[in-house]
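S.K.: Here is my input, please return the structure:
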Amino acid sequence: MMNTETKRKLNAMLMHDFITAIEAQEANSSMYLPMSFDDRFNAIIDDVYQQRHNEKIQRRIKIAKLRYPEASIANIDFKSRTLNEGFIKQLGTMRFIDSATNIIIQGFTGSGKTYLSCALAKEACKKDIKTYTISLPELLQKRSEEKILHRENKYLHKLASFSLLVIDEWLIFNLSEDDIKFLYELFELRYNRVSTIFVGQYPVKDWHPRLGGGAHADSILDRIVHNSITIESGKTNMREIIDSNKYKS
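M.R.: This next block holds a predicted model:
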């Protein structure tokens, strides 16, 4: 049995999870007492490692600010949509980040674009990848606030630092020249280094005029599209299906 002094020292060293693991073994003595010291110690280390890993993943998910934190690739209804299940699961390995490949998720309102992006972002968090999700209107509003406080450059580099950045509601509203310049600077910093997921209703062919149609539009598209994967989320209104299933239940 662990004595009070040992517990005090572990607490002083901020090793509370070790106390929990040891007490769990003591509570199940019939299973652990027959084991050797090495086996019991290894089991404690495994428990503590797993607990700390799980807590780290939860911190990643919290920082990512997922709109749907419960999103999961396993829960995507592939039968009702045109999505390729094997391909989506392959993206879930996050190997596309190794080559700084971007993903464009395009489709109608209610077709499950945001849920899919959150499911992919959550997989990134589970693999301890620095991830952040934000809508474009929110991103630009935050940028305006930071500019007033003379912290625009700091915010720019913060966004550039995420290994996976998910931008929802992409190009849903008209952009000012300042907005377009900021986006150019952001994707210049992210280009060929990290990956971005773009989520929106408009196909790539409509992006150029919505980005102002000038030199910055050319440059932004060049840094996004040439190393990207496009996913059509389909025409099925997943919100209607989900609401219908809720009503039936």
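
S.K.: Is I104 part of a helix or strand, or is it coil?
M.R.: Put simply, I104 is strand when judged by DSSP: H, G, I helix; E, B strand; the rest coil.

S.K.: longest helix of the chain?
M.R.: Using DSSP state H to define each element, the chain has its longest helix at helix 37-64.

S.K.: Give the buried residues for that helix.
M.R.: Neighbour counts using 16 or more other CB atoms under 10 Å place 40, 43-44, 47-48, 60-61, 64 of helix 37-64 among the buried residues. C-beta here means a position set from N, CA and C on the backbone, and glycine is covered the same way.

S.K.: Out of those, which is nearest to I134?
M.R.: Set against I134, the nearest of those by CB to CB is A64 (9.6 Å).

S.K.: so where is the chain shaky, pLDDT-wise?
M.R.: 234-249 (pLDDT under 70).

S.K.: per-domain residue ranges of it.
M.R.: 4-63, 67-248 (automatic domain parsing).

S.K.: Could you look over those domains and pick the most buried one?
M.R.: domain 67-248 (a mean of 17; mean count of other CB atoms under 10 Å).

S.K.: now it, how far from the chain's geometric center?
M.R.: Here the centre of mass of C-alpha atoms in domain 67-248, compared against the chain's by CA atoms, centre = their mean, to the nearest Å, lies 10 Å away.

S.K.: contacting residues around the closest residue to R40 other than its chain neighbours?
M.R.: Excluding the flanking residues, the one nearest R40 by CB to CB, 6 or more residues apart in numbering is Y32, at 5.6 Å. Contact partners of Y32, counting by CB atoms under 8 Å, 6 or more residues apart in numbering, are 25-26, 40, 43.

S.K.: swap in S228?
M.R.: 101-104.

S.K.: let's see 10 Å
M.R.: Shown in contact with S228 (CB atoms under 10 Å, 6 or more residues apart in numbering): 96, 101-104, 195-198, 204, 221.

S.K.: among these, which two are most distant?
M.R.: Counting by CB to CB, the most remote pair of the contacts of S228 is F96 and L221, 19.0 Å apart.

S.K.: rewinding a little: looking at the buried residues of helix 37-64, which is nearest G214?
M.R.: Of all those, A64 has the smallest distance to G214: 33.0 Å, by CB to CB.

S.K.: Roughly how far does K65 sit from S135?
M.R.: To S135, K65 is 10 Å away according to CB to CB, to the nearest Å.
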